[in-house]
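Undergrad: Quick one: sequence and predicted model below, then my questions.
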Amino acid sequence: MSDEFSVDDIEEEEEVPEEEKFVSEEIVVNLWKTSLHGAEIGLKKEIERAARSRQFTKEMEEQGDITFKDRNRKEIIGLNLGFFDLGGPLKEKYGKDADKNRRIVIKTFSALTKGGGGGRWTGSIEQSLTESLVLSAGERDPLPAFIVNVPGYDYLIRIVRAHTMTGARYVFPLIDEETNETRIFEISAARMTLGSDFRVKEVATGKKVADIDGKLLDFGGKWKIKLRDKELYDNRVFRRILILFTCATKWLPEANETLKKLLKGIKKGYKFDPTGHEISLFRNPRRARR
């Protein structure tokens with residue numbers, strides 16, 4: 001159940017340069033009905049994609065696509081079933097406690113083209129079950145925490161759910177690589193709306209900077225991301241954070257349910273034993289540089 005990768009992999013797969021001028025396009029995240037949709041694409045494509053990117057492991061399965069409207073550009077969404085499917089590696093390691101240890105690991109890749117291009121890793125979002133458990137234990141409420149990894153970006157970004165009486169609110173920082181200026185943003189579930197909608201605002205100013213409008217259905221879901229701020233739209237890291245968060249929204253109910261079961265189990269004596277890859281997220285990088 002490995003999802004390891006090296007610094008060299010990240011450097012080799014840096015995202016393409018900034019796109020052209022702001023055009024106020026919609027970014028559409030479309031999650032398919034079931035994993036069987038991947039079979040329609042064909043096993044050959046999965047093999048080809050794996051050959052282009054070490055990030056596309058054998059346990060990664062295509063679950064949807066991302067369309068950048070008004071542009072000839074598409075991406076594929078992959079979910080690592082090794083960490084999420086209650087059968088397979090999770091069942092082998094945890095047995096009847098597999099449902100206490102599932103977590104979301106999603107990666108995006110540029111779509112394969114007829115000319116042989118594409119298949120490059122464009123970003124990852126993975127749930128830290130340990131960090132989620134710490135937050136949930138403190139507030140006695142399921143509060144999932146995620147780590148976003150963007151190719152070519154110096155920092156790992158944390159997206160954490162904040163405790164609220166009603167609704168859902170997630171917060172994350174955006175760190176400038178040159179100045180270290182850090183801005184905080186909030187993603188809040190929109191009230192009094194149909195579907196699965198979120199509003200994004202900057203905490204310092206209270207200004208709404210993006211909308212995530214969607215509909216979560218029994219057979220999948222579709223979300224439209226609309227950025228309202230030119231500067232942030234032009235920021236590839238900010239765009240990627242919103243795209244990856246949106247990709248994960250379909251599985252947020254399962255993430256909350258896992259945390260409830262895990263927290264309840266620990267109180268009854270269950271010994272939490274996360275995967276080695278999860279623990280690697282907590283290693284001290286300064287000690288490693290010695």
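TA: Arrived safely. Note that this is a predicted model, so its numbers are computed, not measured. Numbering: from 1, shown residues only.
Undergrad: all helices for the stretch 151-290 of the chain, in order.
TA: Assigned by DSSP state H, counting those that start in this stretch, the helices in the stretch 151-290 of the chain fall at 230-233, 236-248, 252-267, 276-280, 285-288.
Undergrad: Could you dump these into a markdown table with distance to Lys96 and mean neighbour count added?
TA: C-beta here means a position set from N, CA and C on the backbone, and glycine is covered the same way. Shown next, in a markdown table, are those (distance: least, Cβ to Cβ, whole Å; neighbours: other Cβ atoms under 10 Å):
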| stretch | distance to Lys96 | mean neighbour count |
| --- | --- | --- |
| helix 230-233 | 45 | 16 |
| helix 236-248 | 26 | 23 |
| helix 252-267 | 11 | 17 |
| helix 276-280 | 20 | 13 |
| helix 285-288 | 36 | 6 |
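Undergrad: Among those helices, which comes closest to Phe109?
TA: Taking Cβ to Cβ, helix 236-248 is the member of the helices of the stretch 151-290 of the chain nearest to Phe109, at 11.7 Å.
Undergrad: Distance check, Lys58 against Asn30.
TA: Using Cβ to Cβ, to the nearest Å, Lys58 is found at 24 Å from Asn30.
Undergrad: Let me see the ranges of the strands in the stretch 1-150 of the chain.
TA: 26-31, 60-68, 74-80, 105-110, 121-127, 145-149 (DSSP state E, counting those that start in this stretch).
Undergrad: Nearest the middle, which residue of the protein would you pick?
TA: Centroid-nearest residue in the chain, with Cα atoms, centre = their mean: Ile125, separated by 2.8 Å.
Undergrad: nearest spatial neighbour of that residue, skipping sequence neighbours?
TA: Spatially, and ignoring its direct neighbours in sequence, Ile125 is nearest to Leu244 (3.8 Å; Cβ to Cβ, 6 or more residues apart in numbering).
Undergrad: Kindly confirm whether my reading is correct that that neighbour touches Val148.
TA: Yes. Leu244 is in contact with Val148 according to Cβ atoms under 8 Å; the separation is 5.6 Å.
Undergrad: Find residues that contact each of those two.
TA: 123-125 (Cβ atoms under 8 Å, 6 or more residues apart in numbering).
Undergrad: Closest one of those to Arg158?
TA: Using Cβ to Cβ, Ile125 comes nearest to Arg158 of the shared contacts of Leu244 and Val148, at 10.7 Å.
Undergrad: doesn't Pro144 make contact with that closest one?
TA: No. With contact defined as Cβ under 8 Å, Ile125 does not reach Pro144; the gap is 10.9 Å.
Undergrad: intersection of neighbour lists for the two?
TA: With Cβ under 8 Å, 6+ apart as the test, Ile125 and Pro144 both reach Ile104.
Undergrad: which ones are touching the nearest residue to Met60 once chain neighbours are set aside?
TA: Sequence neighbours aside, Gly78 is the residue nearest to Met60 in space, at 4.2 Å (criterion: Cβ to Cβ, 6+ apart). Residues in contact with Gly78 (Cβ under 8 Å, 6+ apart) are 56, 60-63, 106-109.
Undergrad: residue ranges with poor pLDDT in the stretch 51-200 of the chain?
TA: Applying pLDDT under 70 to the stretch 51-200 of the chain picks out residues 51, 70-71, 115-116, 165-166, 191-195.
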